[in-house]
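Visitor: 3D, please:
(chains A and B)
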Amino acid sequence: MRRNLFLYLALTCFLALIVIFFVDGYMGIYDTTYITVGEQEQIIEPDYWLQQYPPGVEMTYYIGAQWGQKLFFRYEIDNRRFSSYSTLVQASLWQEDEKLLDLFSEEQSIEPFDTATMEWELSTEDLEKPVPGTSTQYTVKISYGEVTRRIIVDFYYPEEYPVPRETAPPEKL
Amino acid sequence: MRTYILYGFGILLCVAGIGYLAVEYVKYISEPGRLVCLILIVGMFGFLGKYLEKMGW
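Guide: Residues are numbered from 1 along each chain as shown, chains lettered A, B, ... in the order given. All right, here's what the predicted structure looks like:
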């Protein structure tokens, strides 16, 4: 026993590492956001929100779209715990600390080691049209429990070019 | 000699296992968790070194 004491201690450290990886690194509640604009899908993985750059600044995600394009959101909450998880999931559109629209609101109950998927879309139909050639920014806030995710959407409204007027063909002499 | 080869193989598997788990899950580990992991890794290799030293390596 005494001869192998250091080996047992090393094995204990190894097992403790595995336990930490599982309990702290895998277990918990994780959310993934999928945003589709046009033909492109962007995925915001859970670790994106854990980044601290620059330090102390709340993480936001930035996405651009043209005015008139619809943004399709798919939101997944992964419950990697041994107990079920119930929460109210809300998504809303904000501009300069003013709530403009409620996009989604639903009570979710997620079974252990299960995933809940929610879908909603953001359209520019209910929003105020910006000046042509400029862009306007909105914030989509997604919240569940005590977590709030902020996604900044930049809508660009392209310049409207005048349609060339049809001119009559020159008269034949 | 054969025993040492087996020990070496075991150590290699442990390191590979930790590496794999770290790559897979380390991004979600909290700051205190990372610190404890670092201490445990240092402890693990320290104890392993001490054991091998006692074995006459």
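Visitor: Geometric centre of chain A: which residue is closest?
Guide: Nearest to the mean C-alpha position of chain A, by Cα atoms, centre = their mean, lies A:Thr33 at 4.0 Å.
Visitor: Tell me where chain A has helices.
Guide: With helices called from DSSP state H, chain A shows them at A:5-20.
Visitor: Which residues of chain A lie near chain B?
Guide: Applying Cβ under 8 Å from any Cβ of the partner chain, we find that chain A lies next to chain B at A:3-4, A:6-7, A:9-10, A:13-14, A:16-18, A:20-22, A:24-26, A:28, A:30, A:46-47, A:50. Backbone N, C-alpha and C define where each C-beta goes, glycine included.
Visitor: List the buried residues for stretch B:33-44?
Guide: For stretch B:33-44, burial by neighbour count (16 or more other Cβ atoms under 10 Å in any protein chain shown) applies to B:Gly33, B:Val36, B:Cys37, B:Leu40, B:Ile41, B:Gly43, B:Met44.
Visitor: wouldn't the last one be in contact with A:Ala10 here?
Guide: Yes. Under the criterion of Cβ atoms under 8 Å, B:Met44 lies in contact with A:Ala10, with a separation of 5.0 Å.
Visitor: Okay, now the unreliable bits of chain B?
Guide: For chain B, residues meeting the criterion pLDDT under 70 lie at B:57.
Visitor: Contact residues of it facing chain A?
Guide: Residues of chain B found near chain A (Cβ under 8 Å from any Cβ) are B:14, B:17-18, B:21-22, B:25-30, B:33, B:36-37, B:40-41, B:43-45, B:47-48, B:50-51, B:54.
Visitor: Select only the buried ones of those in PyMOL?
Guide: A single PyMOL command is used to select the members of the residues of chain B next to chain A judged buried by 16+ other Cβ under 10 Å:
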select buried, chain B and resi 14+18+21+22+25+26+28+29+33+36+37+40+41+43+44+45+47+48+51
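Visitor: Can you select the buried ones from the residues of chain A next to chain B in PyMOL?
Guide: Restricted to buried positions by 16+ other Cβ under 10 Å, the PyMOL selection for the residues of chain A next to chain B reads:
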select buried, chain A and resi 6+7+9+10+13+14+16+17+20+21+24+25+30+46
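Visitor: Do you have the strands of chain A handy? List them.
Guide: Counting by DSSP state E, chain A has strands at residues A:28-37, A:40-44, A:60-66, A:71-80, A:85-95, A:98-110, A:114-122, A:135-144, A:147-156.
Visitor: ok, back up a step: okay but the residue nearest to the centre of chain A is in contact with A:Val147, surely?
Guide: No. With contact defined as Cβ under 8 Å, A:Thr33 does not reach A:Val147; the gap is 11.9 Å.
Visitor: show me the contacts for residue 17.
Guide: Using chain A here. B:Ile18, B:Leu21, B:Cys37, B:Leu40, B:Ile41, B:Met44 (Cβ atoms under 8 Å, 6 or more residues apart in numbering or on different chains).
Visitor: could you do chain B instead?
Guide: For B:Gly17, the contacting residues are A:Ile18, by Cβ under 8 Å, 6+ apart.
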